[in-house]
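Colleague: quick check, what structure comes out for this input:
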Amino acid sequence: SLSPSPPPSSIVPGATSANHLSAPLSVNDRRERNKAASAKYRAKKHHQSGEMRSQISYLQDQNSVMSRQLDETRTENATLKAQVEKLKSRLVAEKVLKRLREVGRERRGGHESASLTGGRSSGLRVTARDLASDSEEDVVDSEAEDEHGDDIGNIARDDERAVKRSRRRQRRNSLSDDDD
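Modeller: Predicted coordinates for the structure are as follows:
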């Protein structure tokens with residue numbers, strides 16, 4: 001009589017057909033085999049855990065380096081933004097000063113500039129925004145006006161006084177010419 005073949009789950013790879021015919025493993029043999037398999041499994045899990053800890057440590061180090069670099073970059077960005085604002089303010093101030101000098105030269109030459117007074121004869125009122133409006137690319141923010149507003153006002157008042165003195169001289173000269 002032929003014995004039935006063992007179920008596929010009991011076939012061990014690499015085992016010969018002679019092993020199948022031998023007696024089943026004893027309880028002690030099964031325990032030893034289970035202990036060896038458990039030890040192998042624990043060693044594999046321990047190795048994987050060690051690799052994961054190592055990878056986590058590496059990633060934390062990388063994260064701290066990148067966080068530090070991000071903080072440095074943000075600080076540098078803030079510094080650069082401050083420098084840009086300072087340069088914008090300086091550019092506006094230089095442009096205002098250049099325009100006021102041009103107006104002063106025009107007035108000393110006897111030309112009346114309606115562009116600064118907006119066509120009004122009431123007085124000279126110049127703002128940084130008026131002078132910067134020559135170019136659409138120029139941006140004048142309120143901080144730049146606040147920083148330089150007092151200087152511009154003083155320059156404008158001085159220029160207005162010079163224009164008034166010049167007009168008085170011209171009137172006096174014209175009156176003295178009429179007397180001759």
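Colleague: show me what the biggest helix by length in the chain is packed against.
Modeller: Among the segments of the chain that qualify as a helix by DSSP state H, the longest is helix 27-108. The criterion is 3 or more CB pairs under 8 Å, 6 or more residues apart in numbering; DSSP states H and E, and the helices and strands that helix 27-108 contacts are helix 128-132, helix 142-179. Backbone N, C-alpha and C define where each C-beta goes, glycine included.
Colleague: quick one: low-confidence parts of this structure?
Modeller: Using pLDDT under 70 as the threshold, the predicted model of the chain has low-confidence ranges 1-23, 110-157, 176-180.
Colleague: need the contact list for Ser166.
Modeller: Remark: with contacts taken as CB atoms under 8 Å, 6 or more residues apart in numbering, Ser166 is in contact with Arg107, Arg108.
Colleague: and what of Ser38?
Modeller: With contact taken as CB under 8 Å, 6+ apart, Ser38 is in contact with no other residue.
Colleague: and the gap between it and Gln83?
Modeller: Using CB to CB, to the nearest Å, one obtains 66 Å as the distance from Ser38 to Gln83.
Colleague: what of Gln62?
Modeller: With distances defined as CB to CB, the gap from Gln62 to Gln83 amounts to 31 Å.
Colleague: how about Arg30?
Modeller: Arg30 is 78 Å from Gln83, where distance means CB to CB.
Colleague: Val96 and Ser49: what is the separation?
Modeller: Applying CB to CB, the value for Val96 to Ser49 is 69 Å.
Colleague: ignore what I typed, I meant Lys81.
Modeller: Spatial separation of Lys81 from Ser49 under the definition CB to CB is 47 Å.
Colleague: phi and psi next, for Ser26.
Modeller: The phi and psi torsions at Ser26 (degrees, to the nearest 10) take the values phi -70, psi 170.
Colleague: how about the contacts made by it?
Modeller: For Ser26, no residue counts as a contact, taking CB under 8 Å, 6+ apart as the criterion.
Colleague: and it, how far from Lys40?
Modeller: In this structure, Ser26 and Lys40 are 21 Å apart, going by CB to CB.
Colleague: likewise Arg167?
Modeller: To Lys40, Arg167 is 107 Å away according to CB to CB.
Colleague: ok, Val96 and Ser49, which is more surrounded?
Modeller: Between Val96 and Ser49, counting by other CB atoms under 10 Å, Val96 is the more crowded of the two (25 against 10).
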